[in-house]
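Novice: sequence? don't have it. structure:
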């Protein structure tokens, strides 16, 4: 009889695939809570009288711990496996989301944002590293694409559910709702913990392995810069679209639906990703996505009605939605053997430097010059990233 056991612990293909899909259920619940919490913090800060600069600093706080810890988190996943970092990160993140429910004040929003970012980075790097180890070649691409699709669903579910919860139950109760959603995901993962593959070969990182080696590689550097550009676009959209919607008089649920339209487009584009990669290749598809993103940013300040804004944000989501999975795939592809988690951690660290710098910097720009210039400068930044990638394309 043919042997269906794999070389990595004797698990058959079917249980491995089941584990992958079960993990995606956890990712959906947990990321919905996290994404909804970011939007909730923005809208509640507005209710508390925060200025665009304060809100920019608030969102920047989410990126402080990820900036400092991402590479370390990747090395931990490479050496010891994903199980413990994932569960630890989910618990911390879910509890941190609920903190404003206990003390609904502006300072507590900053504490919640910092601790949420701390927990999220522990889990996120380990999740991505785990997905990368569950297959090779086309299987790995399929797994990363499935992961990206689930994130797109969470990008829709989180803001939309947060918006409707705010309108019907208020801001403070929504913190409790989102925190419980994250804790449900944690409980589900704990029940599945034994089915998460163990890391069988922990090995110390050779002294000759330095983070700067990854940056000096031209292909890796191009991917890292492209990922930073994509994250800049996403951060600015998530920060300024709610502010712009609030400024033009849209309700929280309408703002949530507009953000949901972008997330729905992200799902569509990621569903089409395998076909696009087959026809155009990963790098050319990334360039087209950046061009589409820059184009749509220029149109947002021109409109104030919900339907045109939803259409623009849907189209914008098509471009932004492709950027993250493509840069994850390319980053893992160009990573040296045994350093996949570290490379993904470096990518996240650079992206989270954008989380810290971009909201704070553009929050000051928005406070001084209004919101329209921010969208146009955002378009210019994405276009510049597109130019850099084209200049060094291989």
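Specialist: Perfect, I can see it now. Just so we're clear, the structure is a prediction, and the values are computed from it rather than from any experiment.
Novice: for the residue lying closest to residue 106 once chain neighbours are set aside, what are phi and psi?
Specialist: Nearest residue to residue 106 in three dimensions, chain neighbours excluded: residue 48, at 5.0 Å (C-beta to C-beta, 6 or more residues apart in numbering). Just so you know, the C-beta spots here come from the backbone N, C-alpha and C atoms, and that holds for glycine as well. With angles defined as degrees, to the nearest 10, residue 48 sits at phi -80, psi 0.
Novice: can you tell me which residues contact residue 48?
Specialist: 105-106, 109 (C-beta atoms under 8 Å, 6 or more residues apart in numbering).
Novice: ok, now residue 154?
Specialist: Per C-beta under 8 Å, 6+ apart, neighbours of residue 154: 27-28, 30-32, 34-35, 263.
Novice: how about JSON lines for those, with distance to residue 141, secondary structure and pLDDT added?
Specialist: Listed next are those as JSON lines, based on distance: C-beta to C-beta, whole Å; DSSP: H, G, I helix; E, B strand; the rest coil; pLDDT from 0 to 100:
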{"residue": "27", "distance to residue 141": "17", "secondary structure": "helix", "pLDDT": "88"}
{"residue": "28", "distance to residue 141": "20", "secondary structure": "helix", "pLDDT": "91"}
{"residue": "30", "distance to residue 141": "23", "secondary structure": "helix", "pLDDT": "89"}
{"residue": "31", "distance to residue 141": "21", "secondary structure": "helix", "pLDDT": "90"}
{"residue": "32", "distance to residue 141": "25", "secondary structure": "helix", "pLDDT": "91"}
{"residue": "34", "distance to residue 141": "25", "secondary structure": "helix", "pLDDT": "90"}
{"residue": "35", "distance to residue 141": "24", "secondary structure": "helix", "pLDDT": "88"}
{"residue": "263", "distance to residue 141": "22", "secondary structure": "helix", "pLDDT": "80"}
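Novice: for residue 139, grab the count of nearby residues.
Specialist: Per other C-beta atoms under 10 Å, the neighbour tally for residue 139 reads 14.
Novice: and the helix or strand containing it, what's its mean pLDDT?
Specialist: Per DSSP states H and E, residue 139 falls inside helix 138-169. Mean pLDDT, computed over helix 138-169, is 82.
Novice: related to what we said a few turns ago, find me the pLDDT at the residue nearest to residue 106, would you?
Specialist: 89.
Novice: try residue 72
Specialist: 74.
Novice: what of residue 358?
Specialist: So residue 358 comes in at 69 (pLDDT).
Novice: before we move on, what about residue 66?
Specialist: At residue 66, pLDDT is 76.
Novice: separation between it and residue 160?
Specialist: Note on residue 66: its distance to residue 160, by C-beta to C-beta, to the nearest Å, is 25 Å.
Novice: same check, this time on residue 91
Specialist: 25 Å.
Novice: those two: which has the busier surroundings?
Specialist: Relative neighbour count places residue 160 above the other of residue 91 and residue 160, with 24 against 18, counting by other C-beta under 10 Å.
Novice: ok, and the closest non-adjacent residue to that one?
Specialist: residue 260 is the one closest to residue 160 (C-beta to C-beta, 6+ apart), at 4.2 Å.
Novice: neighbours around residue 263, how many?
Specialist: 27.
Novice: so it touches residue 151, yeah?
Specialist: No: Residue 263 is not in contact with residue 151 according to C-beta atoms under 8 Å; the separation is 9.2 Å.
Novice: which residues touch residue 326?
Specialist: So residue 326 contacts 273, 282, 285-286, 289 (C-beta under 8 Å, 6+ apart).
Novice: show me which of the residues you listed are buried.
Specialist: 273, 282, 285-286, 289 (16 or more other C-beta atoms under 10 Å).
Novice: how near is the residue nearest to residue 247 when sequence neighbours are not counted to residue 35?
Specialist: Among residues not flanking residue 247 along the chain, residue 371 sits closest, at 6.5 Å (C-beta to C-beta, 6+ apart). Distance, residue 371 to residue 35, using C-beta to C-beta: 22 Å.
Novice: who has more neighbours out of these two?
Specialist: residue 35 (24 against 19).
Novice: measure that one to residue 96 for me?
Specialist: From residue 35 to residue 96 the distance is 14 Å (C-beta to C-beta).
Novice: again with residue 58
Specialist: 14 Å.
Novice: got it, and residue 61?
Specialist: On the measure of C-beta to C-beta, residue 61 and residue 96 end up 11 Å apart.
Novice: do the same with residue 301
Specialist: In terms of C-beta to C-beta, residue 301 sits 34 Å off from residue 96.
Novice: these two - which one has more neighbours?
Specialist: residue 96 (23 against 17).
Novice: right, and the more buried one touches residue 115 too?
Specialist: Yes: counting by C-beta under 8 Å, residue 96 touches residue 115, with 3.6 Å between them.
Novice: among the contacts of residue 326, which are in strands?
Specialist: In strands, judged by DSSP state E, none of these are found.
Novice: what's the closest of those residues to residue 244?
Specialist: Nearest to residue 244 among the contacts of residue 326, counting by C-beta to C-beta, is residue 289 at 22.5 Å.
Novice: contacting residues around the residue nearest to residue 160?
Specialist: Residue 260 neighbours (C-beta under 8 Å, 6+ apart): 156, 159-160.
Novice: following whichever strand or helix holds residue 25, which helix or strand comes up?
Specialist: Assigned by DSSP H and E, residue 25 falls within helix 13-47. The first helix or strand that comes after helix 13-47 along the chain, using DSSP H and E, is helix 52-61.
Novice: packing partners for that following helix?
Specialist: The contact analysis (3 or more C-beta pairs under 8 Å, 6 or more residues apart in numbering; DSSP states H and E) places helix 52-61 against helix 13-47, helix 106-133, helix 218-247, helix 340-369.
Novice: so what's the gap between that helix and the chain middle?
Specialist: 18 Å (C-alpha atoms, centre = their mean, to the nearest Å).
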